[in-house]
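# got a predicted model here, sequence first, then my questions.
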Amino acid sequence: MTHILGIETSCDETAAAVVKDGREIISNVVASQAKIHERYGGVFPEIASRQHILHIIPVLEKALAQAGTELDQMDAVAVTYGPGLAGSLLVGVNVAKALALAKHLPLIGINHLEAHIYANWLQEDEKILFPLLCLIASGGHTNLVLMSGHEKYQPLGQTLDDAAGEAFDKVARLLGLGYPGGPEIQLAAQAGDPSAFDLPRAWLKGTYNFSFSGLKTAVLYLVRDYPATAGPLAEGEGASSDDLPVADLAASFQAAVVEVLVEKTRAAAEEWDARQVLLAGGVASNTLLRQQMTERIGVPVLCPSPELCTDNAACVAAVGCFKLSAGEQAGWDLDVVPGLKLIVTW
Ligand code: KG4
Ligand code: ZN
């Protein structure tokens, strides 16, 4: 039996968790700063790192208390060291080093993207089969990655500009919705018509790369020039910008993002004979995306529960368990790497 303490502070969630044998969550505590960053429409880095300093110890204590365990009973401390915001990552890495040093525990450095992928291993009873294709879609990343085994990654494509979640956040702001934008757009879209606006899809044919900035700009122009952009009906009836059809815009935007994510994932899964498709990252909690992936992809699609899609420390501890059993341990010189990518070990 292996118990790992996971720590995550890469962005605006301060999180700690205890995971058994890489698959069973014993405790999982997340302190979100979303309310504080809401007024900026995105994460304010300096505020984020200060909030982590305030919350990290209470969050750690809560995670250990909820697990009914003590630090001494852990087999290792796993911490996210990149990619992410430098100041935020530093808080988690320094606390993890202090705990590991004080209790003579192995320290394990975790790639945040790997952690998102391994959230899928925390789903009870899910059998994971290689080779598999993983779509990581979060506020900072959009990557298609082929996995041939544990920690064996081949990146197939990524976003060339905005990440999918970033596009959700920015468009939500344009539409006057709250932050984070993904859940807000999903909610607004429920009352909208996804075919109301014909928004662009960047297919970038022949690649598995993504681009969402053109889509975001298309929404920007529609909003800026409304009601002229809505056609003669709205104009003729004397509509004003106050009548912005937020639900239709949200639904049309969500449909455009989802169509590209699903189509590219489907094509890659087919080309690479993937046995399964795994979804990961905050955008993977989007209901339309999950539904369309399941309907349109010919192999089983697994996705973590919504609270494990967004940033958390349970998935950090899950990767930590695999790394510990593979003998991968970090030195005391472990440093943050804000621009870390997935390492190719194919
Ligand atoms: O993985 P995550 O918690 O943090 C990063 O590593 O970036 O992802 C946060 C992102 C935000 O951009 C948020 O708007 C998006 O995930 N998100 C969603 C949904 N829930 C969260 N996007 C679309 N639909 C959702 N339901
Ligand atoms: Zn994340």
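That came in fine, so what should we check first? Keep in mind the model is a prediction, meaning the values are calculated, not measured. Ligands and ions are numbered 1, 2, ... in the order given.
# please list all residues in contact with the residue of the stretch 101-250 of the chain at minimum distance from ligand 2.
Across the stretch 101-250 of the chain, the shortest distance to ligand 2 (CB to the ion) belongs to Ser138, at 4.3 Å. The C-beta positions use only the backbone N, C-alpha and C, and glycine is treated the same way. Going by CB atoms under 8 Å, 6 or more residues apart in numbering, Ser138 touches His116, Ala163, Ala164, Gly165, Ala280, Gly281, Gly282, Val283.
# that one - nearest residue in space that isn't next to it in sequence?
With CB to CB, 6 or more residues apart in numbering as the measure, Gly281 is the residue that lies nearest to Ser138, at 3.3 Å, once sequence neighbours are left out.
# again with Ala16
The shortest distance from Ala16 to any residue that is not its chain neighbour, by CB to CB, 6+ apart, is 3.8 Å, and that residue is Ala63.
# state the mean pLDDT of stretch 124-134.
For stretch 124-134, the per-residue pLDDT values average out at 89.
# measure it end to end?
In terms of CA to CA, to the nearest Å, the two terminal residues of stretch 124-134 are separated by 18 Å.
# show me the contact partners of that stretch.
Here stretch 124-134 makes contact (CB under 8 Å, 6+ apart) with 23, 117, 120-121, 143-149, 156, 265, 268-269, 272-280, 302.
# cool, stretch 96-111 as well?
If you take CB under 8 Å, 6+ apart as the criterion, stretch 96-111 is touched by 4-7, 60, 71-72, 74-83, 93, 316, 319-320, 323-324, 328-332, 334, 340, 342-343.
# report the buried members of these.
The neighbour-count test (16 or more other CB atoms under 10 Å) applied to these identifies 4-7, 60, 74-83, 93, 316, 319-320, 323-324, 330, 334, 340, 342 as buried.
# among those residues, name the ones in strands.
Ile4, Leu5, Gly6, Ile7, Ala76, Val77, Ala78, Val79, Thr80, Tyr81, Gly82 (DSSP state E).
# what parts of the stretch 1-150 of the chain come near ligand 2?
Ser138 (CB under 5 Å from the ion).
# show me where the stretch 1-150 of the chain has its strands.
The residue ranges that make up the strands of the stretch 1-150 of the chain, judged by DSSP state E, counting those that start in this stretch, are 3-8, 13-20, 24-32, 76-82, 107-111, 132-137, 142-149.
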